[in-house]
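J.: Sequence and predicted structure below; questions after.
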Amino acid sequence: MKFMDLFGRKKKSKSSGMKDFDNPESIPKLIELTYSKNGNDRRLAASALGKLSKFTPDIFQAVPPLVRLLDDEKPQVRQYATKALGEIGDTRVIPDLEKLLGDKKSYVVIAAKSALSKLGRKEVNETNIYGQDVHKRIKIPESLKTEVFTVGEITKYIKNVLESDRKLTGLLVRGEVSNLTKHTSGHVYFSLKDKESQIKCVLFRRVNENLNFNLEHGMKIIVRGNVEVYEPYGGYSIIIEEIQPDGLGALNLAFIQLKNKLEKEGLFSGEHKKPLPKFPEVIGIITSSTGAAIHDILNVIRRRYPLVRIIIAPTLVQGKEAAASIVESIKLMNERTDIDVIILGRGGGSLEDLWCFNEEIVAREIFKSRIPIISAVGHETDFTMAGFVADYRAPTPSAAAEKVVPDVQEIYEIIKNFHIRSIQAIRYVVELHKSNLKQILNRPIFRRPFDRIHSHYRELGHAFYKLQTTALKNTTPKRKELEIIESKLFALSPTSILKRGYSIIMKNNKIVKSVSDVELQDNINIVLHEGKLDAQVRKIRRN
């Protein structure tokens, strides 16, 4: 994604673009933008991060991406990344900034000096002082020598204190999700905040994969985990072991999130719904072979339409393995070519009991099905993803059976009524045609049919005579004119001239008109009436 697309503009000034990223919530987007292939995008992202450093402590998560930009191939990107790091004020980047003092671009060097000055370096030389033992120049009072710790030692001490506290092990924390970042490795990083403070949280992939719902920015949650200190940065965070929505059950939240996701993709759209056959010959049923639903469906179908053939796919409809079992049964049904419609269902139950029908893999398999599917899950008040995606949702298994087949008795009554109405209609049409036929037979054309034919014969003969007379009158003068023109053309034709004994002399396919057109020893061609002669000029006589 290009930087200009994130700003929602095509052409704007730099200042107007930065206004769109003047809040801490835009930090993850800007960090993502530092990896853009477009150099201008990377430069603008670095500039925006530098401006945000005054408003939020979360800006420190942008330090690693900005340090990486110090080695960017674009000098302007290096310049703005240097300025941003100077504004953030993280002294750990001083060695990285000192390396830019030898940059080829003078404005990059100036930016590095300015940033180092802001980070506490009063005097900055052109050479890199990274690695010098500056501690030798610092005089430490005797009274403080026994109390001096290294950064690593004090960090380890803090780590041991926090991680050995039982209150900070397996603790529950309520808060709102902020600065959510989902890494490609599967890990999730975010801040948990309230009105007073915030704390960083880490959700590793093994825990994230077991979540029934997706974390979203602004979501209120309760987390269980342990406080850990990350020694390289000296920061602490909660390593999460479990997450629950605050105020809304995990299954309910997962249901709402998946429903919104599939609805945006168009899986619920009516244009994708396949029509149900009016008179199916083969019906496939996907349900438990021991449940009450299968008996209800079979009883209704046998009573209403015993002509149909039924194929049952015994399937798990509850438990962890149920979703995969339902998907496999739908695939097996679609491999057959004789099934006209499928009923997918089970009896009622709690949200947990019916959850396999809310799994995403089940919804997508129903959508991909070549055969129309009727969802018949639970009772009328039980809504599932299978019902939303299916081609028809029945409130109960019995209602699905009534929908999928017609009633034989109703069909018999309809056929009987059609039979009676057809006989009446045929009789009416026959009587109507009889009356029309009598009227037609009484017309004059049927009493003396040849009168009109003879009249047309006379008209046709008269018209032929007029056409013949007119054509002869118009063509006679034209024929005489053509004969005169033909005789003139024949008299002027080269062929007629050659017949009278004349010839045409040619040299190199050009007619010789004068003795000046040829020279001695030239080869010439003589065209006669009945052939050509090849000759050579031996002598030229001029008049």
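T.: Received it, and whenever you're ready, just let me know what you need.
J.: pLDDT on stretch 374-389, on average?
T.: When pLDDT is averaged over stretch 374-389, the result is 88.
J.: Going by neighbour count, which residues of that stretch are buried?
T.: With burial defined by 16 or more other CB atoms under 10 Å, the residues of stretch 374-389 counted as buried are 374-378, 382-389. Where C-beta positions appear, they are placed from N, C-alpha and C, glycine not excepted.
J.: quick one: it to chain centroid distance?
T.: Centroid displacement of stretch 374-389 relative to its chain, using CA atoms, centre = their mean, to the nearest Å, is 28 Å.
J.: And for stretch 230-246?
T.: 36 Å.
J.: can you check stretch 212-231 too?
T.: With CA atoms, centre = their mean, you get 32 Å for stretch 212-231.
J.: do stretch 355-371 as well
T.: The answer for stretch 355-371 is 20 Å, by CA atoms, centre = their mean.
J.: Now render the buried residues of stretch 374-389 as CSV, adding secondary structure.
T.: Shown next, in CSV, are these (DSSP: H, G, I helix; E, B strand; the rest coil):
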residue, secondary structure
I374, strand
S375, strand
A376, strand
V377, strand
G378, coil
D382, coil
F383, coil
T384, coil
M385, helix
A386, helix
G387, helix
F388, helix
V389, helix
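J.: Would you mind checking which of those residues is nearest to F446?
T.: Among those, I374 lies closest to F446 (CB to CB), at 62.3 Å.
J.: OK, contacts around the closest one?
T.: Taking CB atoms under 8 Å, 6 or more residues apart in numbering as the contact definition, I374 lies against 276, 341-345, 390-394, 400, 403-404.
J.: who's it bridged to?
T.: I343, Y392 (DSSP bridges).
J.: Could you list the buried residues of the longest strand along the chain?
T.: Ranked by residue count, the top strand of the chain under DSSP state E comes out as strand 169-182. Within strand 169-182, the residues that count as buried by 16+ other CB under 10 Å are 173, 175-180.
J.: for stretch 213-229, same thing?
T.: 213, 215, 219, 221, 223, 225, 227-229.
J.: what's the answer for stretch 505-519, then?
T.: 505, 512.
J.: average pLDDT for that stretch?
T.: Rounded mean pLDDT across stretch 505-519 is 86.
J.: Now the terminal residues of it, how far apart.
T.: Using CA to CA, to the nearest Å, the end-to-end distance of stretch 505-519 comes out at 13 Å.
J.: Not counting it itself, show me its contacts.
T.: With CB under 8 Å, 6+ apart as the criterion, stretch 505-519 contacts 504, 522-527, 537, 540-542.
J.: roughly how far out does it sit from the chain middle?
T.: Mean-position distance between stretch 505-519 and its chain equals 80 Å (CA atoms, centre = their mean).
J.: before we move on, what about stretch 192-201?
T.: The answer for stretch 192-201 is 37 Å, by CA atoms, centre = their mean.
J.: Could I get the contacting residues of R303?
T.: Not one residue lies near R303 by CB under 8 Å, 6+ apart.
J.: Okay, it and E413: tell me how far apart.
T.: 16 Å (CB to CB, to the nearest Å).
J.: what's the answer for T34, then?
T.: Counting by CB to CB, the separation of T34 from E413 is 75 Å.
J.: of the two, who's got more company?
T.: T34 (21 against 11; other CB atoms under 10 Å).
J.: hang on, that one packs against L44?
T.: No: the pair T34 and L44 does not pass the contact test of CB atoms under 8 Å, sitting 10.1 Å apart.
J.: which residue sits closest to R68 in space, ignoring its chain neighbours?
T.: What sits nearest to R68 in space, not counting adjacent residues and going by CB to CB, 6 or more residues apart in numbering, is T34, at 7.3 Å.
J.: neighbouring contacts of stretch 235-255?
T.: Residues contacting stretch 235-255 (CB under 8 Å, 6+ apart): 158, 162, 170-171, 173-174, 192, 199-204, 207, 211-213, 215, 219-230, 351-352, 355, 358, 385.
J.: Where does E402 sit, in terms of helix or strand?
T.: With elements taken from DSSP states H and E, the one containing E402 is helix 397-404.
J.: What is that helix packed up against?
T.: helix 292-304, strand 341-346, strand 373-377 (3 or more CB pairs under 8 Å, 6 or more residues apart in numbering; DSSP states H and E).
J.: With distance to I420 added, can I get those in JSON lines?
T.: Formatted as JSON lines, the helices and strands packed on helix 397-404 follow (distance: least, CB to CB, whole Å):
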{"stretch": "helix 292-304", "distance to I420": "24"}
{"stretch": "strand 341-346", "distance to I420": "32"}
{"stretch": "strand 373-377", "distance to I420": "34"}
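J.: For S117, find the nearest of those.
T.: Closest among the helices and strands packed on helix 397-404, once you apply CB to CB, is strand 373-377, at 68.6 Å.
J.: low-scoring stretches of this protein, by residue?
T.: 1-24, 53-58, 121-147, 247-250, 543 (pLDDT under 70).
J.: how's it carved up into domains?
T.: Domain assignment of the chain by automatic domain parsing yields the ranges 3-137, 151-247, 254-406, 499-536.
J.: which ones among the contacts of stretch 235-255 are found in strands?
T.: 170-171, 173-174, 192, 199-203, 220-230.
J.: Tell me if P395 really is in a strand.
T.: No: according to three-state DSSP, P395 belongs to no strand; its state is coil.
J.: who touches it in this structure?
T.: Here P395 is in contact with 379-380 (CB under 8 Å, 6+ apart).
J.: before we move on, back to that, would you list the buried residues of strand 169-182 in a markdown table and tack on distance to E153?
T.: Converted to a markdown table, these look like this (distance: CB to CB, whole Å):
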| residue | distance to E153 |
| --- | --- |
| V173 | 29 |
| G175 | 32 |
| E176 | 36 |
| V177 | 35 |
| S178 | 33 |
| N179 | 31 |
| L180 | 34 |
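J.: Right, I'll call it a day here.
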